[in-house]
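# fold the following and give me the result.
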Amino acid sequence: MKVYIKASDFNPEIPTVITIGTFDGVHIGHRKIIERLVNSAQQSNCQSALLTFFPHPRMVLQQSEDLRLINTIEERKSILASTGLEHLIIHPFTKSFSRLTAQQYVEEFLIGKLNAKKIIIGYDHRFGRNRTADISDLKKFADEFNFEVEEISKQDIEEVAISSTKIRTALQNGEIEKANQYLASNFSLSGEVVHGKGLGKGLGYATANIHLKETYKLIPKNGVYVVKAMIEGKHQKGMMNIGTNPTVGGTSKSIEVHVLDFNEDLYGKNIEVEVLHYLRNEEKFDGVEALKKAMLQDELVTRRYFNS
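Numbering: from 1, shown residues only. So this is what the prediction gives:
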């Protein structure tokens with residue numbers, strides 16, 4: 001799969017079959033649409049392409065600070081690369097881009113830059129300045145500019161929307177297995193290992209503090225989790241705490257991973273953590289010894305999880 005950071009970088013010599021959307025999570029509903037896209041492109045001797053926008057339009061138009069996405073844009077790239085898709089266009093979403101009229105968007109952008117021969121799109125798709133145009137307008141443009149529109153049904157679009165909502169709700173409730181089932185892969189967090197307060201080491205459980213660069217990334221509910229950490233190409237077993245460390249007077253939220261049977265220096269390295277299972281809520285224990293006892297129990301349960 002080839003990735004383009006703006007539409008003008010994509011110069012297709014043969015026509016394309018395109019779908020458009022955020023595709024956050026790239027879950028089983030999304031994969032069904034992408035499979036349909038890839039098959040359609042093959043049957044019509046075209047290239048398959050997915051057009052998405054970054055930053056998310058809500059970040060630009062509404063300056064939304066409460067937006068939380070299942071994937072960062074880098075994670076989305078990585079997952080989409082495994083779907084059979086040929087081209088991913090990540091076009092910058094700006095206020096000036098949002099002011100394109102529907103005709104400009106279709107004629108200059110979809111046809112002029114992306115060479116769209118067919119567009120596979122949801123029945124509720126809206127586009128153009130102030131999102132005033134809908135799929136009936138797109139079909140009129142299709143007749144004018146000689147491209148085809150294939151409508152994704154209400155049932156399929158609602159399945160996609162429901163799946164995304166269920167994934168976010170499951171992650172916020174600690175229902176990790178349910179979220180992973182919808183995703184058809186394991187939900188992950190990734191970032192640079194930074195220096196923390198060294199509290200874990202003092203408790204006998206040295207932790208890697210993970211700094212998430214992207215503030216829009218959805219973080220599961222506070223608590224302790226069973227995880228797999230990808231470190232220099234190898235999966236390592238571990239457990240993760242998300243929360244404020246209330247027993248030792250912590251106030252700021254952190255993501256800390258203890259990698260089992262591992263004592264190498266990880267500072268400054270980027271690691272990816274796949275979240276597998278929710279162990280328990282974060283608690284404020286009556287002192288450090290009670291916390292140590294709970295962490296030992298967490299480790300025993302984590303080891304049993306992997307052994308089973």
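# what number of residues lie near the residue lying closest to Ser254 once chain neighbours are set aside?
In space, and not counting its chain neighbours, Ser254 is closest to Asn209: 5.9 Å by Cβ to Cβ, 6 or more residues apart in numbering. C-beta: built from backbone N, CA, C; applies to glycine. When neighbours are defined as other Cβ atoms under 10 Å, Asn209 has 20 of them.
# buried stuff in the host helix or strand of Asn209?
Here Asn209, judged by DSSP states H and E, is contained in strand 208-211. Buried residues in strand 208-211, defined by neighbour count with 16 or more other Cβ atoms under 10 Å: 208-210.
# find the centremost residue of this structure, please.
Nearest to the geometric centre of the chain sits Asn71, at 1.3 Å (Cα atoms, centre = their mean).
# what is the mean pLDDT for stretch 219-235?
Average pLDDT, stretch 219-235: 95.
# how about it: buried residues?
By 16+ other Cβ under 10 Å, the buried positions in stretch 219-235 come out as 220-221, 223-229, 231.
# repeat for stretch 57-73
Buried residues in stretch 57-73 (16+ other Cβ under 10 Å): 57, 59-60, 69-73.
# quick one: distance of that stretch to the chain centre.
Its chain's average C-alpha position is 12 Å from that of stretch 57-73, according to Cα atoms, centre = their mean, to the nearest Å.
# give me the contacts around that stretch.
22, 24-26, 54, 56, 79, 90, 93-95, 98, 164, 167-168, 171, 183, 187, 190, 213-214, 216-219 (Cβ atoms under 8 Å, 6 or more residues apart in numbering).
# show only the entries of those found in helices.
79, 95, 98, 164, 167-168, 171, 183 (DSSP state H).
# returning to that earlier point: looking at the buried residues of strand 208-211, spot the one nearest Asn263.
Ala208 (11.5 Å; Cβ to Cβ).
# does that closest one really touch Asn270, like I thought?
No: contact criterion Cβ atoms under 8 Å: Ala208 and Asn270 do not qualify, at 10.7 Å.
# so for those two, which residues contact both of them?
Val193.
# helices of the stretch 51-200 of the chain, start to end?
57-61, 73-80, 95-98, 102-104, 135-145, 154-172, 176-183, 199-202 (DSSP state H, counting those that start in this stretch).
# how long is stretch 128-136 end to end?
Stretch 128-136 has its terminal residues 13 Å apart, counting by Cα to Cα, to the nearest Å.
# how far off centre is it?
Distance, centroid of stretch 128-136 to centroid of chain: 26 Å (Cα atoms, centre = their mean).
# pull out the buried residues from that stretch.
For stretch 128-136, by 16+ other Cβ under 10 Å, it's 128, 133, 135.
# which ones are touching the nearest residue to the last one once chain neighbours are set aside?
I take that to be Ile135. Spatial nearest neighbour of Ile135, chain neighbours left out: His125 (5.5 Å); criterion: Cβ to Cβ, 6+ apart. Listed by Cβ under 8 Å, 6+ apart, the contact partners of His125 are 20, 134-135, 138.
# and those, which two are the farthest apart?
Spanning the widest gap among the contacts of His125 are Ile20 and Asp134, at 13.4 Å by Cβ to Cβ.
# tell me where the model's unsure across the stretch 201-308 of the chain.
201-203 (pLDDT under 70).
# tell me the helices in it, going along the chain?
Counting by DSSP H, counting those that start in this stretch, the helices of the stretch 201-308 of the chain are 288-307.
# which residues in it form strands?
208-211, 223-231, 234-243, 254-259, 270-280 (DSSP state E, counting those that start in this stretch).
# so how far is Gly112 from Thr132?
21 Å (Cβ to Cβ, to the nearest Å).
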